[in-house]
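Trainee: fold the stuff below for me.
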Amino acid sequence: MTQHESAPEDEPRANGSANASVGSAPSDSVAAGDDTTPAAQWAPLEERREPQPTSAPTAAPTAEDPLSAQIDASLAQPDPLALRPRTSSVVLCVVFGVAFLGVAAAVYWLGVHTVDGQSYEDLAIMNFANTMPAWLSFGNLKSGLVIGVSLAFGVAAMLVAAARKRWWLLGQLAVFAAVAFAAAKLLKPLLPRPLLVHVESSVNNSAPSGHTMLAAAAGLMLLAAVPRAWRACAAVLSAVFTSIVGVSVIYDRWHRPVDVVMSVCIAGACMMFALACTRASGMDRTGSRASSPSVQIAATALITLGLCAIAYGTYVLWQVFPGLQYASAWAAPGACAAAAAMVVGFAGLVNGMVLMMRQITAAPLTRLGLIGEPPAPPRKGAA
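Mentor: Residues are numbered from 1 along each chain as shown. The predicted structure is shown next:
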């Protein structure tokens, strides 16, 4: 009985092992990965993809885009404004120079070759010290002091230009100084003062004023030589120094108002012509060219102050004009006030105009001139 009972238990085990052996055959075939088995359906797509025929590499186009070619050609060429200022700036310098010469000639003719003009000048020079405040004498400036300060400004301008390696600018300043000095020396004997109101005048005290010309020329040289950051300060300093010398020579009876105004205008005209000849080494470096708020503010203020002072002087002259013909005493205060206003006005106007044109000729804003490190973005916590 025991053998008959154990036989059925062994039978299923045999059948199970047989089934296991039978079931192992398909798994081996699947693992083998035949094409006829389902494993081929799950093969990666890259393995199943048929190889594509390789085509020959396409040749680069021989003809470039016309617009791209034009841009590349323009970028390859040097920027013309890196070699010289804009043509419009050069033309403006010439126009302003001619205008200053025209003003100097008109002032000379009205003040020297007319009876009313000579009467006005005599009233101003004879009564200036008695009518105007004493501080306008500025301590009775000595000739040596004016010459010394002017030479210091001129030498400083030449040294600054040499230190900045602005060799063309150095030549401009040298020629400008020579022309201004020659104008002050040669024009005196060539521009005599006719005797119209019975007042004699020495040739040395005739138009133009040599001390005023020297002061104005030295200040303009310093203005043109310094870097952009110092141009506004140099222009204000030049205008103040020119005004002090111009007013003091009238106070001390060295020169008449026309002599002073004429000298300032001639110096401004010569500097305008010099700026019209600006070239590469006389300009700011290409990477440092930029607009200057200080130059814009100072030039605007000087030009506005100059025009207002000139307008005020002209108005005062119009008010006292009836008394000029007879050299009336009541017209003397007005004549002196007009003289001081004209000197300050033309000094401010000339320096403001030269400052403006120096910035335009030295730092034209170009594509190359604006290259540089971009500005840093503002910080979030900054006030």
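
Trainee: show me where pLDDT drops low in the chain?
Mentor: 1-65, 67-79, 196-205, 366-376, 381-383 (pLDDT under 70).

Trainee: tell me which stretches of the stretch 251-383 of the chain form helices.
Mentor: Counting by DSSP state H, counting those that start in this stretch, the stretch 251-383 of the chain has these helices, from start to end: 257-275, 293-324, 332-362.

Trainee: dump the ones you listed into CSV; add distance to residue 286 as well.
Mentor: (C-beta placed from N, C-alpha, C; glycine too.) Output for the helices of the stretch 251-383 of the chain, formatted as CSV (distance: least, CB to CB, whole Å):
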stretch, distance to residue 286
helix 257-275, 19
helix 293-324, 18
helix 332-362, 12
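
Trainee: nearest to residue 107, of those helices?
Mentor: Proximity to residue 107, assessed across the helices of the stretch 251-383 of the chain by CB to CB, is greatest for helix 257-275 (5.2 Å).

Trainee: check which helices and strands the closest one sits against.
Mentor: helix 87-112, helix 115-131, helix 167-190, helix 210-225, helix 231-251, helix 332-362 (3 or more CB pairs under 8 Å, 6 or more residues apart in numbering; DSSP states H and E).

Trainee: now do that helix against helix 231-251, angle only.
Mentor: 150 degrees (axes from the mean of the first three to the mean of the last three CA atoms, to 10 degrees).

Trainee: could you dump helix 257-275 to PDB, C-alpha only?
Mentor: Taking Å, rounded to 0.1, in the frame of the first residue of the first chain, the C-alpha atoms of helix 257-275 are listed here in PDB:
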ATOM      1  CA  PRO A 257      37.400 149.200 -24.800                       C
ATOM      2  CA  VAL A 258      37.700 148.700 -28.600                       C
ATOM      3  CA  ASP A 259      41.300 147.600 -28.300                       C
ATOM      4  CA  VAL A 260      40.300 144.900 -25.700                       C
ATOM      5  CA  VAL A 261      37.300 143.600 -27.500                       C
ATOM      6  CA  MET A 262      39.200 143.500 -30.800                       C
ATOM      7  CA  SER A 263      42.000 141.500 -29.200                       C
ATOM      8  CA  VAL A 264      39.600 138.900 -27.800                       C
ATOM      9  CA  CYS A 265      37.900 138.500 -31.100                       C
ATOM     10  CA  ILE A 266      41.100 138.100 -33.100                       C
ATOM     11  CA  ALA A 267      42.400 135.500 -30.700                       C
ATOM     12  CA  GLY A 268      39.200 133.600 -31.000                       C
ATOM     13  CA  ALA A 269      39.300 133.700 -34.800                       C
ATOM     14  CA  CYS A 270      42.900 132.400 -34.900                       C
ATOM     15  CA  MET A 271      42.000 129.500 -32.600                       C
ATOM     16  CA  MET A 272      38.900 128.700 -34.800                       C
ATOM     17  CA  PHE A 273      41.100 128.500 -37.800                       C
ATOM     18  CA  ALA A 274      43.600 126.300 -35.900                       C
ATOM     19  CA  LEU A 275      40.800 123.900 -34.900                       C
END
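
Trainee: three-state assignment of the nearest residue to residue 211 once chain neighbours are set aside?
Mentor: Closest residue to residue 211 apart from its sequence neighbours, by CB to CB, 6 or more residues apart in numbering: residue 146 at 5.0 Å. Using DSSP: H, G, I helix; E, B strand; the rest coil, the structure places residue 146 in helix.

Trainee: now swap in the one 5 residues further on and tell me
Mentor: Going by three-state DSSP, the secondary structure assigned to residue 151 is helix.

Trainee: how many residues are close by it?
Mentor: By the criterion of other CB atoms under 10 Å, residue 151 has 12 neighbours.

Trainee: so it makes contact with residue 218?
Mentor: Yes: Residue 151 lies in contact with residue 218 (CB atoms under 8 Å); the separation is 7.2 Å.
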